[in-house]
Structure formats: structure tokens, C-alpha cells
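**Student:** Structure of the sequence below:
(one chain, ligands or ions: 1)
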Amino acid sequence: MSTRIDAAFPAGDLQQFEADGYVVARGLASRAECAAIKAVAQRDLAAVKAPVEFEADTQYPGAPASHSAPGGKTVRRLLQAYARDPVFARWGASSAVSARLRQLIGPRVELSQAHHNCVMTKNPSYSSVTSWHQDIRYWSYERPELISVWLALGREFFENGCLLVLPGTHQMEFAPAQLDESLFLRPDVERNKRLIRSQRRVELAPGDALFFHCRLLHAAGHNQTADTKFSLVFSYHAADNRPLAGTRSAALPDVALR
Ligand SMILES: O=C(O)CCC(=O)C(=O)O
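**Tutor:** Take a look at the predicted model:
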């Protein structure tokens, strides 16, 4: 199995990340690597191997109403990917990822086990719609500066619920009235409507890795195809950006990358 570690991000990619809050490293994982990761994900999905998050747990639009409703045991995430299997951990701590993160974050990078740290398993029949949000709501770190790396294990496109992003929003401030009580962007607010019109689809091929800032607004539709979509997602921060004591972000040790 080979991973592309030869080149780091070219300057243009770094500028794109700075300006837009995201950048895609095309073909960062090899076909063989994707196949090995996906095989373990498929095995764990078939066995519903804990810990998992069910679509019903989210209560997002389109999710089954409860665990006992039709589709109520549809898995949305295989959780704790780093500890779940070495094939996931190897990718999360790989030089291909860490070399690029060092360009974006600084010399000492750590992987957070607190959120993401999962395989997203977007099911064709019962997947929900994820509304516009910033992932920083999931963490409590000293600085709102984390980066997630979303590895496509198969093709990701609009019809199977690829990520949609609002470029540049990682640098914007939002008034409380623009967000609902769960910190989703309110689609009925005029200023938000304009922002939402600027959306871009992040279409990925297997092995492409999307690097995105934790303040970037993003969303995703449900999967309208016949096949489950698998994506492996880890999040990272600078070693000197500490999780706040007593929060969920501090509950599990961060993993220092070499
Ligand atoms: O694939 C999706 O539905 C979006 C997931 C997402 O945005 C998230 O977990 O933060």
C-alpha cells in the first residue's frame, strides 16, 4: 500500500485554504489503501459494531423518528475510528496527512478523539439531511482552530450526499439571530440566504481528502443512490491549542502525530 507523501500542499492550495477555509488533496490515499479501509468499515457496519451513532440519534430532517421506527437502526457513524482498528489509525496518523497539516497548523499536530474520529456511513434509504453548521460547536478548545480531514472511500457527489460548503465563512462572524438554538444557520434569514447561494459542492473521487476548517459552514443532503457512502474523518489541532478541562474535548487523550 502506498500513500502519496512526496509532495506537500503547493502554495496555491495553501492560499485556497486561507481564503476559502477548505482545500482538496486529490488522490492522497491509494486505491488499495481505500479498499482496505472500506473493507473494515463494511465489516463493522454489517455487524453494527459499537460504538456507533444511529441516524435516529441526530433527529435531523429525514432521520427515523426513533430506534424502533422503520430504519431506526441505520448507522450514521462508526465511532472511535482511531481506536477501532489499526487500518483507520494508520491513515489518521499517516505522513501524507501530517505533512499537510503541519503546513496549515504548525509543527506540532495532534489528532482529537473527541469528535469526528469516525467513519461516516451514509445509507441510501434512511440517511438524513445535515443543515448548515460549523463543526466548532462540537469542541471546546482554547482556540477555535481545528482542521478536519475527510477521506472519500468511494465517489462523493451531490446525489449521494457529498459535502456542500460556503467558502470564506470560516473567517466570518455570525450574529446570534442568524443561528438557531442548535447553532444551525437559519435559512429564513435574508443575509443567510445570500450566503447559501454561494454554496459549492465538494465532489470527491476515492482517495481524495478534503481538509476543512472547523468554522467553515457546511451541509449535506441525503443519499439518493443505491449504495452506502463511506468517508473516514479525523480532526486535528496544534499541540499548544489545549482542550478545556472538564469538557468532552478533554475526555479522551489527543494523539500527537509524528
Ligand atoms: O455527511 C453529512 O451528512 C454531513 C456530516 C457533517 O457535516 C458533520 O458531521 O459535521
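
**Student:** Near the one residue in the stretch 51-200 of the chain that gets nearest to the ligand, how many other residues are there?
**Tutor:** Closest approach between the stretch 51-200 of the chain and the ligand, counting by CB to the nearest ligand atom: residue 130, at 3.6 Å. Where you see a C-beta, it was placed from the backbone N, CA and C, and this is true even at glycine. Counted with other CB atoms under 10 Å, the neighbours of residue 130 add up to 23.

**Student:** where does the stretch 151-258 of the chain have low pLDDT?
**Tutor:** Scanning the stretch 151-258 of the chain for pLDDT under 70 picks out no residues.

**Student:** who in it is up against the ligand?
**Tutor:** 161, 218, 220 (CB under 6 Å from any ligand atom).

**Student:** Repeat the analysis, applying 5 Å as the threshold.
**Tutor:** Residues of the stretch 151-258 of the chain lying close to the ligand by CB under 5 Å from any ligand atom are residue 220.

**Student:** How about the stretch 1-150 of the chain?
**Tutor:** residue 130.

**Student:** change it to 8 Å
**Tutor:** 60, 76-77, 116, 120, 122, 127-130, 133, 135, 138, 148 (CB under 8 Å from any ligand atom).

**Student:** Generate a PyMOL selection restricted to the buried subset of the residues you listed.
**Tutor:** Per 16 or more other CB atoms under 10 Å, the buried members of those correspond to this PyMOL selection:
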select buried, resi 60+76+77+116+120+122+127+128+130+133+135+138+148
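
**Student:** which residues are contacting the longest helix along the chain?
**Tutor:** With secondary structure taken from DSSP state H, the chain has its longest helix at helix 31-47. By CB atoms under 8 Å, 6 or more residues apart in numbering, the list of residues contacting helix 31-47 from outside reads 1-3, 29, 49, 75, 78, 84-85, 87-88, 91, 119, 121, 151-154, 206-207, 228, 230, 232.

**Student:** try it again with 10 Å
**Tutor:** 1-4, 28-30, 49-50, 52, 75, 78, 81, 84-88, 90-91, 94, 96, 118-121, 123, 151-154, 205-208, 228, 230-232 (CB atoms under 10 Å, 6 or more residues apart in numbering).
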